[in-house]
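Asker: I'd like to go over a predicted model; first the sequence, then the structure.
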Amino acid sequence: MNGRRLVDNIGGKLMLVLTVLSGVLLLLMAWGLVAKSSAILSLKPLDTLLFSGNWNPLRGEFGFFPFIAGTIWVVGVATVIAVPVSLLTAIYLSEYAGRKIKGIVNPFIDLLAGIPSVVYGVWGVLMIVPFVKNYIAPLYGTFSSGYCVLTAGIVLAVMIFPVIINVSVEVLNMVPREVREASLSLGATKWQTVKKVVLRRAMPGVIAANVLGIARAFGETMAVLMVAGNVAMIPKSLMDPAYPLPALIANNYGEMLSIPLYDSALFFAALLLFAVVFFFNLVSRAVLVRIEKGIR
Amino acid sequence: MLLSTAIVMFSLLLILGTIVVKGLPALSLDMITKAPESGYYLGGGGGILNAIVGSLLLAAGASVVSMIFGIPVALYLNIYLTRKSKLAEVIRVALDVMCGVPSIVYGAFGFAIMLYLGVRASLLGGIIAVSLLIMPVMIRAIDEVVRLVPHELIEASYSVGANRFETVFKVVVRQTLPGIISAVLLGFGRGIGDAASVLFTTGFTDRISFSLLEPVATLPLAIFFQLGTPLPEVQQRAYASAFILTVIILVLSLSARFLVSRYGRHMVK
Amino acid sequence: MKNRTHISVENLNVYYGDNQVLKNVTIAIPDKTITAIIGPSGCGKTTLLRCFNRLIDTVDGIKVTGKVLVDGDDIFDPQQDVTAIRKKMGLLSQRPFPLPMSIYENVAYGPRIHGTRKKNELDVIVEKYLKMANIWDEVKDRLHEPASSLSIGQQQRLCLARGLAVEPEIILADEPTSALDPVSSRNIEERFMELKNRYTIVMVTHILRQAKRLADYVVFVYLGELIEHGPSKEIFENPKEQITKEYIKGIIS
């Protein structure tokens, strides 16, 4: 009898410790990244790091602006493509599609979410790069290798479809049926109901879903690394190559211990990514949690 | 709307189509039965068995580690803590944020841990990084399943005099077994496909290695490196490797579905 | 009929947040009889029942004051081993909830937890209690199939067997027939009549006729207050309080 009670007590305590640890891990990660990048942070002012365009690690110049600009360009393009497509798909799935269609589309979306980013990268290299090089670039009368902002944006957009769609559908499904019925019974059409009632009601959640997707795009590494071109300059157009932050980290890990401050600089890049993604995620999760609570 | 849904589905078909069309012709029996014959895949002979084995070991190791830590956490959040618990809420938000942290950051963090512990690039290092990456995903997936366990079922166990620990491990785990399995497979799939987190942490070897402290090759990186070479015939092999990785992912997601139906028979609705 | 008191409730108050669900309830529930707790829904019947085996503990934001004595021991005493209290009482819920395992395992679950490990002993226990719950003949050839494959009526009897297998003294039942068809309900009612010589049975019901058929002792709860309690005959034929009268006549429900 006492043995059982002991197991219950100790087991419970152990599980509590694990649970708290799992949360503390996040703080530990933040702390680790800050600690590792402190070397460069103590030597260079933050605004030089963020806004200077001079990147020359051998001479000790670490201006991250080209990489930050590259990230913003690529993520921007992905956002412009992914948001409308994903939103319309989510609305279709939650409001219009029948059981059967959902049964077909949902596994597709799950599969899309499960494909490794390297495979996305291979696809980008095989299909989008030549497509942009041979068809899109001549259209604008410019030359492009195909390894550019637009390509990376397209690949990223496809990668974040599932994130935005899944969370949006969840949010839309949380809008009570009565709200729709109330609008329909006043003689509104289905589309009017969706636009004026359902979407308005679900708006915070839908925005949160998109922010989650965009955050994913910020940190995505391999696929972008493979198609973005990786030239350390500030992109001027969609056809220019870009060198986003994750690609910078991934590409230079080999040399990072041989050049002074380089490792600290790369950890600073990781810290930047972490901070952006942390902030985006925290805000949208807080919104989503609040919505879920309101429903319960 | 139909158009955008079609775009989403079409893009998946395009990806799979491209991988099959380019990968299948380059595929040969050697690819999956032999290690590369010359260093860093450059010669083009042999196969990528080293990377397949490495990836499986890595993903399996990381899944086991995540399971050991993750399952108790998911159970604790739901059964020991109550619905209104502030702690549970904070932990859930933290885990959600961790799910969103990019894998390259896990790679960097894992690398920092390895430097701290004095572990060099190895299977162990990779397992550390990948475990960190997939644990939040796994916990939240199991959490969602455990949350759906009817409270009456837990009460039924309490009412014959079982304590919480017994209830959790004898009743809740059995009820949610299908969900736990699919969550673990989800984590396994994430682990086997991720490249950015293992870039710094596993190193590389041409040989098939089973040692925790030796470097290992992984499938995603094999694809990346082969594609990065200037030699067309090696690039071909990258396509074939991508095909193999995709097949593994598809098999995983199908077997998750199968196992769920198989082990779902005791589940109480 | 003079029985010793088995469960005695003294000045029991239950608060849910600012809401008082039970107000100063004091009753004595007699040994080896069927006691029915009757009253309109949402009046605290189930809450009262859940105090007896402390399942009330698992609800968020609940506060309990007062005493519940079982065999003279205060069960809300922090020194008490909750699992030992619960072992003394079997529970039948509104809908049957078999555990996610086989029929056999469901019955063996409790005894195993309490230390019976030997296969042959367990076999004996399983058979004995499945028989007692009158379901043995229906399941003896399929003991290792999932319990969820049984019909709802069979599941409820299996849950009864599961509760009996830990050798409780008390059976708590919360509207145990509300999810069942008439035939299955009758089967459960007949079990109760057989079992009442050996167990103290406390059941919550809002079916007055069921209370009339089964109960020896009746407790009437209205809006969280104990209005009246006494032998079944007295309550049904000669209620003292106006409100009990109206409830039994069906003027209020």
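Answerer: Arrived safely.

Asker: who's in contact with the residue in the stretch 101-250 of chain B that chain A sits nearest to?
Answerer: Per Cβ to the nearest Cβ, B:Pro102 is where the stretch 101-250 of chain B lies closest to chain A, at 2.3 Å. No exception for glycine: its C-beta is placed from N, CA and C like everyone else's. Going by Cβ atoms under 8 Å, 6 or more residues apart in numbering or on different chains, B:Pro102 touches A:Arg216, A:Phe218, A:Gly219, A:Glu220, A:Thr221, A:Pro246, A:Leu273, A:Phe274, A:Val277, B:Ala196.

Asker: phi, psi of the last one?
Answerer: Backbone geometry at B:Ala196, expressed as degrees, to the nearest 10, gives phi -60, psi -30.

Asker: what's the helix or strand of chain C with the lowest mean pLDDT packed up against?
Answerer: Between all helices and strands in chain C, the lowest mean by mean pLDDT, DSSP states H and E belongs to helix C:82-87, at a mean of 86. For helix C:82-87, the packing partners by 3 or more Cβ pairs under 8 Å, 6 or more residues apart in numbering or on different chains; DSSP states H and E come out as helix B:151-159.

Asker: for the contacts of B:Pro102, which one is nearest chain C?
Answerer: A:Val277 (33.3 Å).

Asker: so what's the closest residue to that closest one other than its chain neighbours up against?
Answerer: Excluding the flanking residues, the one nearest A:Val277 by Cβ to Cβ, 6 or more residues apart in numbering or on different chains is A:Ala215, at 4.8 Å. Going by Cβ under 8 Å, 6+ apart, A:Ala215 touches A:Val276, A:Val277, A:Phe280, A:Asn281, A:Ser284, B:Gly100.

Asker: so where do the helices sit in the stretch 151-296 of chain A?
Answerer: According to DSSP state H, counting those that start in this stretch, the stretch 151-296 of chain A carries its helices in the segments A:177-185, A:190-192, A:199-219, A:222-227, A:245-252, A:262-295.

Asker: so where do the strands sit in chain C?
Answerer: C:5-16, C:19-30, C:34-38, C:62-70, C:73-74, C:89-92, C:170-174, C:200-204, C:217-222, C:225-231 (DSSP state E).

Asker: got the angle between the second one and strand C:217-222?
Answerer: Put plainly, it is strand C:19-30. Interaxial angle, strand C:19-30 versus strand C:217-222 (axes from the mean of the first three to the mean of the last three Cα atoms, to 10 degrees): 170 degrees.

Asker: let's see strand C:19-30 as PDB, backbone CA atoms only.
Answerer: The C-alpha trace of strand C:19-30 is given here as PDB (Å, rounded to 0.1, in the frame of the first residue of the first chain):
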ATOM      1  CA  ASN C  19     -21.600  29.400  -6.000                       C
ATOM      2  CA  GLN C  20     -22.800  27.200  -3.200                       C
ATOM      3  CA  VAL C  21     -23.800  23.900  -4.600                       C
ATOM      4  CA  LEU C  22     -24.700  22.100  -1.400                       C
ATOM      5  CA  LYS C  23     -26.000  23.900   1.700                       C
ATOM      6  CA  ASN C  24     -25.400  22.500   5.100                       C
ATOM      7  CA  VAL C  25     -26.400  18.900   4.400                       C
ATOM      8  CA  THR C  26     -26.700  16.400   7.200                       C
ATOM      9  CA  ILE C  27     -27.900  12.900   6.600                       C
ATOM     10  CA  ALA C  28     -27.200   9.300   7.800                       C
ATOM     11  CA  ILE C  29     -27.300   6.700   5.100                       C
ATOM     12  CA  PRO C  30     -28.200   3.200   6.500                       C
END
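
Asker: return the distance of the nearest residue to C:Tyr16 once chain neighbours are set aside relative to chain A.
Answerer: Spatial nearest neighbour of C:Tyr16, chain neighbours left out: C:Ile62 (5.6 Å); criterion: Cβ to Cβ, 6+ apart. Applying Cβ to the nearest Cβ, to the nearest Å, the value for C:Ile62 to chain A is 18 Å.

Asker: how about low-confidence regions in the stretch 1-150 of chain B?
Answerer: The stretch 1-150 of chain B contains residues with pLDDT under 70 at B:38-45.

Asker: and with 50 instead?
Answerer: Judged by pLDDT under 50, the stretch 1-150 of chain B has no weakly predicted residues.

Asker: where do the strands sit along it?
Answerer: Counting by DSSP state E, counting those that start in this stretch, the stretch 1-150 of chain B has no strands at all.

Asker: spatially nearest residue to whatever residue of the stretch 51-200 of chain B ends up closest to chain C (excluding sequence neighbours)?
Answerer: Using Cβ to the nearest Cβ, B:Gly161 is the residue of the stretch 51-200 of chain B that sits closest to chain C, at 3.1 Å. Nearest in space to B:Gly161, with sequence neighbours left out and distances taken as Cβ to Cβ, 6+ apart, is C:Lys87 at 3.1 Å.

Asker: quick one: contacts for B:Ala217?
Answerer: Taking Cβ under 8 Å, 6+ apart, one finds B:Ile48, B:Asn50, B:Ala51, B:Gly54, B:Thr202, B:Phe204, B:Thr205, B:Asp206 in contact with B:Ala217.

Asker: identify the farthest-apart pair in those residues.
Answerer: B:Ile48 and B:Thr202 (14.6 Å; Cβ to Cβ).

Asker: returning to what we had before: can I get the strands of chain C in a markdown table with mean neighbour count?
Answerer: What follows is the strands of chain C, written out as a markdown table (neighbours: other Cβ atoms under 10 Å in any protein chain shown):
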| stretch | mean neighbour count |
| --- | --- |
| strand C:5-16 | 18 |
| strand C:19-30 | 18 |
| strand C:34-38 | 27 |
| strand C:62-70 | 17 |
| strand C:73-74 | 14 |
| strand C:89-92 | 28 |
| strand C:170-174 | 24 |
| strand C:200-204 | 26 |
| strand C:217-222 | 24 |
| strand C:225-231 | 18 |
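
Asker: can you list these in CSV and add mean pLDDT?
Answerer: What follows is the strands of chain C, written out as CSV (pLDDT from 0 to 100):
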stretch, mean pLDDT
strand C:5-16, 91
strand C:19-30, 90
strand C:34-38, 94
strand C:62-70, 90
strand C:73-74, 88
strand C:89-92, 88
strand C:170-174, 93
strand C:200-204, 94
strand C:217-222, 92
strand C:225-231, 90
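
Asker: centroid-nearest residue for chain A?
Answerer: A:Arg216 (1.3 Å; Cα atoms, centre = their mean).

Asker: which positions in the stretch 151-296 of chain A make contact with chain B?
Answerer: A:158, A:161, A:165, A:212, A:215-216, A:218-222, A:226, A:246, A:249-250, A:253, A:266-267, A:270, A:273-274, A:277-278, A:280-282, A:285-286, A:289 (Cβ under 8 Å from any Cβ of the partner chain).

Asker: show me how to select, in PyMOL, the buried members of the residues you listed.
Answerer: In PyMOL, this line selects whichever of those come out buried by 16 or more other Cβ atoms under 10 Å in any protein chain shown:
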select buried, chain A and resi 158+161+165+212+215+216+218+219+220+221+222+226+246+249+250+253+266+267+270+273+274+277+278+280+281+282+285
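
Asker: the helix or strand containing A:Gly11 to helix A:262-295, inter-axis angle?
Answerer: Taking DSSP states H and E as the criterion, A:Gly11 maps to helix A:2-43. With the same axes, to 10 degrees applied, the angle from helix A:2-43 to helix A:262-295 works out at 130 degrees.

Asker: does any part of helix A:2-43 sit near chain B?
Answerer: Yes - Helix A:2-43 reaches chain B (Cβ under 8 Å from any Cβ) through A:4-5, A:7-8, A:11-12, A:14-16, A:18-23, A:25-26, A:29, A:32-33, A:36.

Asker: other residues contacting the next helix or strand after that helix?
Answerer: Helices and strands here follow DSSP H and E; after helix A:2-43, the next one along the chain is helix A:46-51. Under the criterion Cβ under 8 Å, 6+ apart, residues A:Ile40, A:Leu41, A:Phe62, A:Gly63, A:Phe64, A:Phe65, A:Ile68, A:Phe268 lie in contact with helix A:46-51.
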